[in-house]
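K.L.:
Take a look and give me a structure for this.
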Amino acid sequence: MNVGGMLLGEKITKRYPLRGDLQLVRLGAAAPFTCSRCGKAKTASLVAVQGNALLCNGCYGRSVAELQPYDDIPLGGPDQSSLGSAPSSAAREVEPLASGVEDVTRIRVEDPDGGLPYSVVDTGLTLQWKFHVRAEHLLNGTCPVPAEMARSASQASLDITFVHVARHHSRALAEQQRAKLQRHGKQPLLTGISWQSAVLPGTRVSARWDRWKKLRFAYTSLGRPVVVAGTVVRYAYDPRIMTRDLAAFGAQVDGVEGLVLITLRELGYLDEQGRALLPHQALIRNTIERGVPERPPTKEIGGAIERLLLRGILTWEQGSLGRGGMLHYPTRRGEKPVQLLCYAPTLRVAEREDLAAADGHGMHSASAHRVAGHLMRIGHLGKEASAEARAAYRHDHQRAGLAGPHELPRGYTYVREHERGM
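P.N.:
Numbering: from 1, shown residues only. The predicted model follows:
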């Protein structure tokens, strides 16, 4: 069962690490077969071999999950000493880790840019730059500006014109706005912005400031809108930021499956297509930590992951761990390989019905639903939780009768339970 060999009449192009007696391989082209576990006819390029039996990718994930001992995963938060303990030997067989990295919660990933200005060009008469809109910009009505603007702008407020840019024309969007320039702190900001409803986290903005005159924000039209993970997208965007920020921006987390997907999207490694990847054990631990004030049992999380694998919402991929526990995908030469659970946002061209629904309800709206209280990671942004968030976490934690410290873990803020889409 080596690379270059044949299976189902197709060449084997990739061979994944052996999991017990399960061998997952990737074929050069999708081939038809019948899964011996679920009994369904499949056509796929990922096939698992177990003796003389063939398994589909979903049943392979279920079988691997059954090898994973859930009950040895500690329930402590990220600042508790229990996280420093090494995983069991059985867990190591399922989740090979890089040398010197014994705790999967210490795995680190690179985050997309924080929405800071880039490609800054100062001609003396004009200042141009680009940035990506982040969820916090939409929620707070802000955006960052280059330091050059903060130093040379004489006025405390600026007029902003928003422009829709298509291939052969451009047009203004609504009326111009007036925003305030905030110079305090490390990063200068514009505040008081009312973002257009079609602007989503990840939208790329091209900015131009004619000194002593107006500020112009331009969005580049996609030509044909697309639907990404159920959301209509009209402007050029960064898929990584959209995966990360939309997870919490419009998330429905009533069920354990939803909580698993939010955790993976907010904490996982992101590739250029916006796919989020995280080791199995790390996903379980972090999902537990986010289930505040009611932490779901580890076996429920494991079952949710199995169901997501069976439905094809999650798949298995292989990455690697480098120095300091930095996660990489695809596998890098010389690094320790590790199996990763992968979430890939669905992408399709928007149809007339999608556009009508988006226009009728607003891009940031959703049907009414309850959003459970949950932790949100902010430490990687250099931020700290507010006093209100700390007090809310303390109150909800005590009210739920949970054991352990009632203080908010470092590097996180707390979003209380609320209704969205009303």
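K.L.:
From here on, just use CA atoms for contacts and neighbour counts.
P.N.:
OK.
K.L.:
how many neighbours does Q155 have?
P.N.:
Applying other C-alpha atoms under 10 Å, we find 10 other residues in the vicinity of Q155.
K.L.:
gap between it and L277?
P.N.:
Using C-alpha to C-alpha, to the nearest Å, one obtains 45 Å as the distance from Q155 to L277.
K.L.:
gap between E351 and I288?
P.N.:
E351 sits 38 Å away from I288, taking C-alpha to C-alpha as the criterion.
K.L.:
And S206, by the same measure?
P.N.:
40 Å.
K.L.:
quick one: which of those two has more around it?
P.N.:
When S206 and I288 are compared on other C-alpha under 10 Å, the one with more neighbours turns out to be I288, at 25 against 18.
K.L.:
Would you mind confirming that the more buried one is in contact with K299?
P.N.:
No. Applying C-alpha atoms under 8 Å as the test, I288 and K299 come out as separate, 10.7 Å apart.
K.L.:
secondary structure element for G319?
P.N.:
If you go by DSSP states H and E, G319 is part of strand 314-321.
K.L.:
likewise I241?
P.N.:
Assignment of secondary structure by DSSP H and E places I241 within helix 239-249.
K.L.:
Just list what that helix packs against, helices and strands only.
P.N.:
helix 135-140, helix 256-267 (3 or more C-alpha pairs under 8 Å, 6 or more residues apart in numbering; DSSP states H and E).
K.L.:
Quick one: name whatever helix or strand follows the strand holding G319.
P.N.:
Read in the C-terminal direction, the helix or strand following strand 314-321 is strand 327-328, with elements assigned using DSSP H and E.
K.L.:
what comes into contact with that following strand?
P.N.:
Where contact means C-alpha atoms under 8 Å, 6 or more residues apart in numbering, the residues beyond strand 327-328 that reach it are I107, R108, V109, Y269, G319, S320, L321, G322.
K.L.:
pLDDT on it, on average?
P.N.:
Per-residue pLDDT over strand 327-328 has a mean of 89.
K.L.:
and the next element down the chain from it?
P.N.:
Per DSSP H and E, the first helix or strand lying C-terminal to strand 327-328 is strand 336-343.
K.L.:
contact partners of that next one?
P.N.:
17, 95-99, 261, 264-265, 275-280, 313-322, 331.
K.L.:
rerun that using 6 Å as the cut-off
P.N.:
If you take C-alpha atoms under 6 Å, 6 or more residues apart in numbering as the criterion, strand 336-343 is touched by 96, 98, 275-279, 314-321.
K.L.:
again with stretch 144-163
P.N.:
Contact with stretch 144-163 is made by 117, 171-173, 176-181, 188-189, 214-218, as judged by C-alpha under 6 Å, 6+ apart.
K.L.:
shaky segments in the protein?
P.N.:
Scanning the chain with the threshold set as pLDDT under 70 gives 1, 62, 64-106, 184-185, 248-254, 291-294, 360-383, 397-406, 409-411, 416-422.
K.L.:
count of residues packed around R394?
P.N.:
Summarising burial for R394: neighbours were counted as other C-alpha under 10 Å, giving 17.
K.L.:
my read is it is in a strand, agree?
P.N.:
No. Residue assignment for R394, taken from DSSP: H, G, I helix; E, B strand; the rest coil, gives helix, which places it outside any strand.
K.L.:
And the buried ones among the contacts of stretch 144-163, selectable in PyMOL?
P.N.:
In PyMOL syntax, the buried subset of the contacts of stretch 144-163 is picked out as below (16 or more other C-alpha atoms under 10 Å):
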select buried, resi 117+178+179+180+181+188+189+215+216+217+218
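K.L.:
Counting only helices, which of the contacts of stretch 144-163 make the cut?
P.N.:
With helices identified by DSSP state H, none of the entries of the contacts of stretch 144-163 belong to them.
K.L.:
Measure how buried G39 is and give me the count.
P.N.:
Under the neighbour criterion other C-alpha under 10 Å, G39 is assigned a count of 11.
K.L.:
so how far is L127 from it?
P.N.:
When C-alpha to C-alpha is the yardstick, G39 and L127 sit 62 Å from each other.
K.L.:
Who does F217 form a beta bridge with?
P.N.:
On the basis of DSSP bridges, F217 takes part in beta bridges with F162, A207.
K.L.:
Next, count neighbours for E289.
P.N.:
Under the neighbour criterion other C-alpha under 10 Å, E289 is assigned a count of 21.
K.L.:
Let me know the secondary structure of it.
P.N.:
Secondary structure of E289, reduced to three states by three-state DSSP: helix.
K.L.:
Leaving out the residues flanking it, which one is nearest to L8?
P.N.:
With C-alpha to C-alpha, 6 or more residues apart in numbering as the criterion, L8 has its nearest non-adjacent residue at 6.5 Å, and that residue is A31.
K.L.:
from what I can see that neighbour touches K42, true?
P.N.:
No. Between A31 and K42 there is no contact under C-alpha atoms under 6 Å: 8.0 Å.
K.L.:
Run the chain-centre distance for the strand holding G319.
P.N.:
Counting by C-alpha atoms, centre = their mean, to the nearest Å, strand 314-321 is centred 15 Å from the centre of its parent chain.
K.L.:
where does the closest residue to G230 other than its chain neighbours sit relative to G141, distance-wise?
P.N.:
With C-alpha to C-alpha, 6+ apart as the measure, T346 is the residue that lies nearest to G230, at 7.6 Å, once sequence neighbours are left out. The spacing between T346 and G141, counted by C-alpha to C-alpha, is 28 Å.
K.L.:
Check V205 too.
P.N.:
For V205 relative to G141 (C-alpha to C-alpha), the value is 15 Å.
K.L.:
neighbour-wise, which of the two wins?
P.N.:
Higher neighbour count among V205 and G141: V205, with 23 against 15, using other C-alpha under 10 Å.
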